[in-house]
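Participant: whatever this is, show me its structure:
(2 chains)
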Amino acid sequence: MFFKKKDSIIAAVFLLLLVNCEMIVDVDLPAYKPVLVVNSFFSPETEWIVRVNHSKAILDTSAIQPIENARVEISSGGMAWRLSRNFDGYYYSISALLPLTGKKYTVHVSAPGYESVSASSIVPAVVPIESIATRRFRKAFGADELEIAVNFTDPPEESNYYQLVLSSQEIMSIDAKYYEYESDDLVFRRGWGTVFTDDLFSGKSYSLKIRLRRWSITGTTLWVNLVSITPEYYKYFKSYHQFENQYENPFAEPVFVYNNITNGLGVFAGFNAAKQEIRVWPISYSGSIKLRSPRVSRFRKMPRNSF
Amino acid sequence: MFSGNRRLVILFYTSIIFSSPLPAQKFTISGYVQDRKTGEKLIGANVFVKDQNRGSATNNYGFFSLTLPVSEMDSLILSASYIGYRLWQQKLPANKDQQITIALSPTVLQGGIVEVITAILEPIEKKSQMSVIDVPIDQLQHIPALLGEVDIIKAMQLLPGVQSGSEGSSGMYVRGGAPDQNLILLDGAPVYNATHLFGFFSVFNSNAIKNVRLTKGGFPARFGGRLSSVMEINLKDGNNQEFDGQFTLGLVASRFNIEGPIKKGKSSFILSARRTYIDLLAQPFVKESERGNGYYFGDLNAKFNTIISDKNRLFLSIYSGLDKAHVQQEDNWATATRKFENDLWWGNITSTLRWNWLISQKLFSNTTLMYSKYQFNVDYTENNVNTASSFSESYFLKYLSGIEDLTAAVDFDFLPNPAHAVKFGADFISHTFRPGAAHFKATSSDFVDIDTLIAPVHEENAIESSVYIEDDLELTPLLKINAGLHASSFSVNSKLYSSLQPRLSIRYLMGRWAVKASFATMTQYVHLLTNSGIGLPTDLWVPTTPKVKPQKSRQVALGLAHTFKKKSLEASIEGYFKEMANLTAFKEGANFVGLDELWEDKITSGKGESYGVEFFLQKKRGRTTGWLGYTLSWSNRRFAELNFGRKFPYRYDRRHDLSFIVNHRFHSGIELSGTWVFGTGNSISMPGANYSGFIDNRSFLGEKIDDIKYYSERNGTRMRAYHRLDLALRFVKRGNGRERIWALGAYNAYNRKNPFFYFFSEEENGMMVVKQASLFPIIPSLSYSYSF
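Facilitator: So this is what the prediction gives:
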């Protein structure tokens, strides 16, 4: 969209015109000691998976290696479980142990040559989808659109964080595809992706409306997932999107991606999804599907000629 | 917050009452000081009676008033002096009120030879105010400039305490403040976006300017509304004796100005214009369908003034400036055509209507109505027609943002006796903020028309008003103070903010040295949202709101001032400490806000502090003029939501900043000028590490997240130092009242590759390196100007 990138377009034009030369410079970067990077999102429907690798100095071009000899431990309420390294070395897991709703979990990771790290998060309670209403309409540019209204009631007296995800299969299933959608809803903030808070409807019933293009849907059904997320998840996702938006702009202020790993980097955060499968229409379309991150645009419909 | 207010007010009023001289018979000499040749009123000219050691300086309209005790002698000798003019002296009766007009003759003689006369000026140590710099406009015009375009703001950046932002930009960073904290007044009207071409040139056409003064601290009470500086630019009134004019042909732009009497001695006008012309020159070489494509900027200044009577004068000045880029294209195929047009323009309009009324010999009033508007505008239209498929569609897109001010102000100068110079007044500003509106319209043979206001015309109205009183009073011959009080209020969305701002400057004389100290608190109700740091036209002015608080500052300064024996060399050294509150910045990752009425949610507020020492040595007169400025400074910010709440250096925190400007006039009519600047590199945020984010095939986070950059500190890395030499050579030929000047220049004469920004790059050998991009290599310039 033109507006969204206006600053960067102008900046780019102006750089092309004027930047006359480049040269390699020595920058006095402080010495950097790599730390453990731990990434894990967990929910009651998935077994524990904790990825462990390491960070590296910015000018280091070597590949980041998984850490194979780490000790990874999950603990909760005085109980602790040690995770074992998966055969491909990329993550640590434990079978037959599923995270439980409402429980707080802590991860401890240590590995030779690195400072030990830890982090905690909980599995939030599901906020059920009460009903879903759909509506089809024809829009400009010849595209049919489907409007989906997701109705739910926000639990009172607490801050809740959500993500709305549309998928072709049940969420988290291996071959699920995730659909991009648009929304005018005020809960979404441009550039923050599909996460939102209950600031505008705390403790109340809410009807969240989104739209998606008909041709983008592959099957006859669609899964609507209202994911309850932890603040850690929310902050990480939001800041990552912001980081991605600003990344190539030399004039932009930097974005510090959220991190909740003590002494390390990464994120350890729980989520819990309410799911509902809906029938969309009988015709099956084929074609390639873009699996980009869901985009939220913020078009406001105003009365005609009110400009 | 300001607990000393009441005490200061009491001090202020008691000082007025008790420092009044003993009742004695007095008389008043008042009038104007002007240029003999042009009738142009001179600002800041010194009028004095040497025997009595009494003097006064003219105000912004050339007016002075001197009240003296009746002496035993019948007469006195009144003198007047101004830089670049011969000393004026006249014998006057010393017992009665009188009004005179003093006409000073310029020191430039025929044949390009400059007469060097030591005029007696009010030495720097006599003034109670500190942190003020007057640079003669003549001197500013000699400073070598980028592509030969004389630029007032760039010249100001060469003063101590004032920094340029990034290379080539016209932003000013005064004593660690941000560019939006500078109040730029063009004949009293605020100019909101003082730049052309993305900040490379400032909007002021130097040919039309009479006087420039910059105040960095110790603000007298008459100033308010910005935290860091006030830059007053006064336009010429126009020659009321005879017609004259000037034109300049430069590489980038050409300028002309013409001025003359409408009724000799009574009314005059000045008209000046500037325009770039690369777009025009390129016209013959482009396809017909692409004619009109290109970019230009231009300025127009017009001023008219008339003397209605001895006591009444009226001025009207208008400024309009515009940057415009236009792109159009038409493609034709057998059965289809595609045509689009894109217009991007921005500009300021200001107008000032001013009435000077001399109520009495001791009371001068100035009533002003002002209008100022800045607008940024984008228009896009596209038409597609396919006759084969009888398909047609058209799009129309419009975006605009801006600010509009309407101001009414009244100011009084009350000069009861030479020990007092009282100023008081009030103003009232109606602001209209338009933080962005967009309109999208599409019609097509294939779908239902769309007509969408993407964001409504979101206007925000606010009323800002202020009253002030100040007195520049001489308590004893050695002790002079300027005390005052500025009170302001801002009303927006039924929320009212108000603030009381005490101001005090003290000067104590010790021989030829003066010790000066000042204290000023300032409040600013407007904020500039900018996320580029390079002054793009998309930067948005927004008001203080119930959620976004007004910016505040407190500044103390302490300094020494001295005029060296020959009186042509002034030196000052000043230390300052400034703290600022409620500064705004974008939250991390927040982006361009133009379309969003939720801008308030995207910004965060914090504090700033800056401190430093400035050293300034200036030679204003003689064959060799110029200055040496050095600043040692620190400027930091602390925002709860940025950099984990830790203090971080401001992007333009500059430890060392040095500028050396010299201009020499040879006898032969050749003038050589040079500028050398050196500055510590800007502080930037460089990531220290890389790490991978969450990667999982089952993730619904969207794209695989990897390669996250880890920043340990905001603005924690310094770029390389900046230094640059600019040279200019002028060949001046004068005769028959005409003047021809050829000017040759070189910007960045030794071709220093100065850092503009840094980026990472992977070399062919697989190594990752940091690279620097730089902007301007050596840039020669040539211009020709002719005055008649």
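
Participant: report the central residue of chain A.
Facilitator: With distances taken as Cα atoms, centre = their mean, A:Phe237 lies nearest the centre of chain A, 4.3 Å away.

Participant: surely that one is in a strand?
Facilitator: No - under DSSP: H, G, I helix; E, B strand; the rest coil, A:Phe237 falls outside any strand and is assigned helix.

Participant: how much space separates it from chain B?
Facilitator: 7 Å (Cβ to the nearest Cβ, to the nearest Å). Yep, even glycine has a C-beta here, placed from its N, CA and C like the rest.

Participant: excluding chain neighbours, what is closest to that residue?
Facilitator: Distances taken as Cβ to Cβ, 6 or more residues apart in numbering or on different chains put A:Val195 closest to A:Phe237, at 4.9 Å, once the chain neighbours are dropped.

Participant: identify the bridge partners of that neighbour.
Facilitator: On the basis of DSSP bridges, A:Val195 is bridged to A:Gln163.

Participant: ok, now B:Leu353?
Facilitator: Residues in a beta bridge with B:Leu353, per DSSP bridges, are B:Leu316, B:Leu369.

Participant: where does it land on pLDDT?
Facilitator: pLDDT for B:Leu353: 96.

Participant: and it, how many residues sit next to it?
Facilitator: 14 (other Cβ atoms under 10 Å in any protein chain shown).

Participant: just to revisit the earlier point, now do the contacts for the residue nearest to A:Phe237.
Facilitator: By Cβ atoms under 8 Å, 6 or more residues apart in numbering or on different chains, A:Val195 lies in contact with A:Tyr161, A:Tyr162, A:Gln163, A:Ile229, A:Tyr233, A:Tyr234, A:Phe237, A:Lys238.

Participant: before we move on, what about A:Arg82?
Facilitator: When contacts are counted by Cβ under 8 Å, 6+ apart, A:Arg82 touches A:Arg71, A:Val72, A:Glu73, A:Ile94.

Participant: PyMOL command for the buried members of those?
Facilitator: In PyMOL syntax, the buried subset of those is picked out as below (16 or more other Cβ atoms under 10 Å in any protein chain shown):
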select buried, chain A and resi 72+73+94
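
Participant: list just the nearest of the contacts of A:Arg82 to A:Glu244.
Facilitator: Lowest distance from A:Glu244 to the contacts of A:Arg82 (Cβ to Cβ) belongs to A:Val72, with 28.1 Å.

Participant: then the closest one would be within a helix, right?
Facilitator: No - per three-state DSSP, A:Val72 lies outside any helix segment and is strand.

Participant: just checking, it touches A:Leu83?
Facilitator: Yes - assessed by Cβ atoms under 8 Å, A:Val72 is found in contact with A:Leu83 at 4.3 Å.

Participant: surely the residue nearest to the centre of chain A touches A:Gln163?
Facilitator: Yes - at 7.2 Å, A:Phe237 counts as touching A:Gln163 under the criterion of Cβ under 8 Å.

Participant: overlap of the contact sets of those two?
Facilitator: Contacts common to A:Phe237 and A:Gln163, judged by Cβ under 8 Å, 6+ apart, are A:Val195, A:Ile229.

Participant: between the two ends of stretch B:410-423, how far is it?
Facilitator: Stretch B:410-423 has an end-to-end distance of 11 Å (Cα to Cα, to the nearest Å).

Participant: would you map the helices across the stretch 201-307 of chain A?
Facilitator: With DSSP state H, counting those that start in this stretch applied, the stretch 201-307 of chain A shows helices at A:231-246, listed in chain order.

Participant: tell me the centre residue of chain B?
Facilitator: In chain B, the centroid-proximal residue (Cα atoms, centre = their mean) is B:Ile184; its distance is 4.0 Å.

Participant: need the residues touching each of A:Val72 and A:Leu83.
Facilitator: Jointly contacting A:Val72 and A:Leu83 under the rule Cβ under 8 Å, 6+ apart are A:Val50, A:Tyr92.
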